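# Fold the following and give me the result.
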Amino acid sequence: MEQAHHPARRTYAFAWFEHRNPEREQATLRIWMGAAVLLAYAVFAWVRPSHDALLVARIIALYVSYGAITLLILSRVRAPSGTRLIITTIADQTLLGIALAAGGSTALPLIWVMFWFLIGSGCRYGKRPLAVSCATALVIVVVLGIWQPWWRENLPAAIGLGLSVLGASVYLSVLVDRLGNANRDLARQASTDPLTGLSNRYALERIVDRAMTSPEASGDNHTALLLIDLDGFKEVNDTYGHAVGDMLLQAFAQSLARRMRKSDTIARLGGDEFVVLAHQMRDRAAVLSVADSIHSTLRAITSVQERPVSVSASIGACLLSSATAAASGTTNQPGMSAVLRAADRAMYRAKSLGEGKTVFAETRDFEAG
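Here you go, the predicted structure:
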């Protein structure tokens, strides 16, 4: 039989990527990269003093200050903002354009920064910020070619820079598409049980945590977690082998997916343990109706590969509102581990009553230990 796996190990890298803060990283890079460039131009202005070199150094110092301000703002404001992202994307290229305009040939070494901004916008945020960064850069190149003396005298250089920006942006757009598809595939793999195609523990934990903090968790329309343990599954494995056992798990998962509502979440925790997270449950009677549907699903599975099977379920049901109520007055924030522990205790009580039973978790089931 396919062994119970550990999704936390398999998805560690994905979870780390998912919880990164690209805006804060970008603001930090503004400071460190800007400081490095500032140091280089400060040395240049000291070795070969000129009005243009000193002016470029001052503009770079302004950029470093701008990076420090954005980092300070982002440390206080956690939520992402599309408007803020567009403003900072335009500001990055605009400040560079001012330096190129002010410094003329002295500022030419800064041209690479224009492409750094393009890469940063595309790889960190996607195609829309990349398009904004590209458009801003192209406007800057046009303005330089028309207004700035050095660029006006070297118009082919301006045209070449503009075409380079456009070409790099198109190529980056293709790469962003491919990276987006790869990330979506990675996210799907990270949240899917490979045997049944259902959600796995990792995905379920995120869904439960969201449900626990939503108004529904304490409202009139409850969310219920039903922990399902298959009775008789071990006998199927012992009698017919693990391959048939895996087929039974797949058949149950497919039948369950057809019977449950699309708004509900179905997950496999591993082995023969499954979870149904049912939303918009008015009361316990509604939860029992879902449990009865699960029992009916198993009763309908009488054979696998023309081999007779008889499998039922013991179900431990837990209302998320019960977990929230049990944690009220304490410093503990209820999460999936507490809900699963309570549902597991209820499931074992159901198993002690015989096959095909459903038992609700009670307040005592949420106690630690």
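# any low-confidence regions in the stretch 201-350 of the chain?
The stretch 201-350 of the chain contains residues with pLDDT under 70 at 214-221, 323-334.
# Recalculate using a threshold of 90.
Counting by pLDDT under 90, the stretch 201-350 of the chain contains low-confidence ranges at 201-223, 259-263, 269-271, 279-283, 305-306, 319-341.
# And the helices in it, which stretches?
201-213, 233-240, 242-259, 284-300, 320-327, 336-352 (DSSP state H, counting those that start in this stretch).
# what angle separates the last one from helix 284-300?
If I follow you right, that is helix 336-352. Angle, helix 336-352 to helix 284-300, by axes from the mean of the first three to the mean of the last three CA atoms, to 10 degrees: 60 degrees.
# Quick one: residues in contact with helix 336-352.
Contacts with helix 336-352, where a contact means CB atoms under 8 Å, 6 or more residues apart in numbering, come from 204-205, 208-209, 212, 225-229, 231, 269, 275, 314-318, 320, 322-323, 326-327, 332, 357-362, 365-366. All C-beta atoms are positioned from the backbone trio N, CA, C, and that covers glycine.
# sorry, back to before: which of the helices of the stretch 201-350 of the chain sits closest to Thr136?
helix 201-213 (36.1 Å; CB to CB).
# Could you check that closest one and say which residues are buried?
Residues 201-205, 207-208, 211-212 are the ones in helix 201-213 that count as buried (16 or more other CB atoms under 10 Å).
# and the direction of it versus that of helix 336-352, what angle?
Orientation check (the same axes, to 10 degrees): helix 201-213 against helix 336-352 gives 100 degrees.
# Pull the distance from helix 201-213 to the chain's centre.
A distance of 13 Å separates the centroid of the chain from that of helix 201-213, by CA atoms, centre = their mean, to the nearest Å.
# Stretch 157-169 too?
Centroid separation between stretch 157-169 and its chain, computed with CA atoms, centre = their mean, is 34 Å.
# Repeat that for stretch 305-313.
What separates the centre of stretch 305-313 from the centre of its chain is 38 Å, taken as CA atoms, centre = their mean.
# what's the answer for stretch 199-206, then?
12 Å.
# just to revisit the earlier point, would you mind checking which of the buried residues of helix 201-213 is nearest to Asp238?
Arg201 (25.9 Å).
# Might one say that the closest one is in contact with Gly270?
Yes - taking CB atoms under 8 Å as the definition, Arg201 is a contact partner of Gly270 at 7.1 Å.
# got the contact list for Ser121?
So, once contact is read as CB under 8 Å, 6+ apart, Ser121 ends up touching 89, 129-130, 132-133.
# Let me have these in TSV, extended by distance to Ala350, pLDDT and neighbour count.
As requested, these are arranged in TSV below (distance: CB to CB, whole Å; pLDDT from 0 to 100; neighbours: other CB atoms under 10 Å):
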residue	distance to Ala350	pLDDT	neighbour count
Thr89	56	92	25
Pro129	52	90	22
Leu130	54	92	26
Val132	57	94	18
Ser133	58	94	26
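# ok, of those, which one's closest to Thr297?
Pro129 (46.8 Å).
# Wait, that closest one touches Thr88, no?
No - look at Pro129 against Thr88 with CB under 8 Å: they stay out of range, at 9.1 Å.
# Excluding sequence neighbours, find me the nearest residue to Ile159.
Gly145 (7.3 Å; CB to CB, 6 or more residues apart in numbering).
# That neighbour touches Gly160, doesn't it?
No - the pair Gly145 and Gly160 fails to qualify as a contact (CB under 8 Å) at a distance of 10.7 Å.
# more crowded one of the two?
Per other CB atoms under 10 Å, whichever of Gly145 and Gly160 has more neighbours is Gly145, with 18 against 12.
# hmm, back to that, please identify which of the helices of the stretch 201-350 of the chain is closest to Thr265.
For Thr265, the closest of the helices of the stretch 201-350 of the chain is helix 201-213, at 5.3 Å, according to CB to CB.
# and the closest one, what does it pack onto?
Applying 3 or more CB pairs under 8 Å, 6 or more residues apart in numbering; DSSP states H and E, one finds that helix 201-213 contacts helix 7-10, strand 265-270, strand 273-281, helix 320-327, helix 336-352.
# Can you lay out these as CSV showing distance to Val47 and mean neighbour count?
Converted to CSV, these look like this (distance: least, CB to CB, whole Å; neighbours: other CB atoms under 10 Å):
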stretch, distance to Val47, mean neighbour count
helix 7-10, 54, 14
strand 265-270, 65, 22
strand 273-281, 67, 21
helix 320-327, 65, 20
helix 336-352, 62, 20
